[in-house]
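Participant: Let's see this in three dimensions:
(one chain, ligands or ions: 2)
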Amino acid sequence: MTAVARLEKGDGNALDALDHLLAEELSIRETRRIKAALMMARLTTIKTLSGFDFTFQPSLDKGRVLALAELGFVERNEVVHLLGPPGTGKSHLAIALGVEAVKAGQSVYFATLADIVSSLAKAEREGTLRERLRFLARASLLIVDEIGYLPVIPGGGNLFFQLVNTRYERGAMILTSNRGFAEWGDVFGDPVVATALLDRLLHHAVVVQIEGSSYRLRQHADLVPEHVRSKAPINAPQPPPEKRRGRPPKTRSADQQSG
Ligand code: ADP
Ligand code: MG
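Facilitator: Ligands and ions are numbered 1, 2, ... in the order given. This next block holds a predicted model:
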């Protein structure tokens with residue numbers, strides 16, 4: 001398989017494949033800069049917009065995604081919300097937009113919400129919260145992946161709020177979530193913090209909702225129970241809280257790495 005094909009297939013750690021992809025259009029120096037910036041951004045699993053099959057997600061407006069790739073939202077310090085059930089390509093699109101931003105010379109930082117919150121909690125314990133907040137506020141684009149898969153640790157909502165407040169109107173963000181905004185009180189374990197977060201995160205915001213089925217499960221549709229396979233709306237009633245705690249749903253394990 002060629003490097004580009006590997007990359008488009010979404011093959012794990014495909015930074016070396018970037019050499020081939022970028023060599024076509026860029027000088028060696030540019031390629032080196034972009035590779036370094038992707039490492040700095042923690043964008044190690046590379047996904048591209050050209051590797052995204054829009055025909056698989058007809059609810060998603062391709063034109064809207066390509067317009068986002070022009071990065072006006074980064075210039076305007078806006079927030080892009082990518083919402084949808086597991087496997088519908090939220091992380092893929094968030095990473096692909098991050099790669100576009102890196103190529104355009106913007107500073108980017110990618111992390112899951114759980115990683116961000118635990119790094120803030122650690123910094124708080126060590127008395128370095130201010131520095132950590134400043135670090136996370138520095139990138140022109142912060143990508144926060146996987147809001148809603150795991151319940152946020154106690155106090156985590158408050159720490160994330162401090163970060164959002166620090167970045168508010170000063171930097172752009174892309175957030176991905178499998179949960180509707182109405183459920184953020186549950187996700188952050190605190191309705192007051194959730195309301196304050198949403199107040200900032202919906203002010204200058206673009207909401208892209210994907211209402212399709214999982215790309216991960218496309219070849220196994222016949223093995224998957226109907227309630228998982230069906231195009232469950234994002235605000236569908238959730239199982240009782242005790243069942244949502246702990247591990248993410250089992251259906252993700254097929255492709256855990258790239259999620
Ligand atoms: P989510 O973050 O919504 O759970 P991901 O973006 O991680 O889903 O997608 C799961 C896997 O399927 C990834 O490997 C991703 O690259 C791939 N994928 C998802 N949607 C598409 C698509 N429409 N075209 C190509 N690959 C896709
Ligand atoms: Mg994901």
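Participant: and Arg138, how far is that from ligand 1?
Facilitator: Distance of Arg138 to ligand 1, given as Cβ to the nearest ligand atom, to the nearest Å: 25 Å. (Each C-beta comes from the backbone N, C-alpha and C, glycine too.)
Participant: Give me the pLDDT value at that residue.
Facilitator: pLDDT, Arg138: 96.
Participant: Quick one: neighbours of it, just the number.
Facilitator: 14 (other Cβ atoms under 10 Å).
Participant: what's the nearest residue to it if we skip its chain neighbours?
Facilitator: For Arg138, ignoring the flanking residues on the chain, the nearest one in space by Cβ to Cβ, 6 or more residues apart in numbering is Ser107 at 6.9 Å.
Participant: pLDDT wise, what is the one you found at?
Facilitator: 97.
Participant: The protein: helices as residue ranges?
Facilitator: For the chain, the helices defined by DSSP state H occupy 3-8, 15-23, 28-40, 62-68, 72-75, 90-103, 113-125, 129-138, 156-167, 184-187, 191-201, 226-229, 241-244.
Participant: Check these for me and report the most buried one.
Facilitator: When you average the neighbours per residue for each of the helices of the chain (mean count of other Cβ atoms under 10 Å), helix 90-103 leads with a mean of 23.
Participant: and Thr176, which of the helices of the chain is closest to it?
Facilitator: helix 90-103 (3.9 Å; Cβ to Cβ).
Participant: Show residues contacting the closest one.
Facilitator: 10, 34, 37-38, 41, 43, 45-49, 51-52, 65, 68-69, 71, 74, 80, 82-84, 108, 110, 140-141, 143, 145-146, 174, 176-178, 208, 210, 258-259 (Cβ atoms under 8 Å, 6 or more residues apart in numbering).
Participant: ditto for stretch 55-66
Facilitator: 49, 52, 54, 88-89, 93, 208-212, 215, 218.
Participant: For the chain, give me the ranges with low pLDDT.
Facilitator: 1-25, 221-259 (pLDDT under 70).
Participant: Which residues of it lie near ligand 1?
Facilitator: By the rule Cβ under 6 Å from any ligand atom, the part of the chain lying against ligand 1 is 10, 47, 52-53, 56-57, 84, 86-92, 176, 215-216, 255, 258-259.
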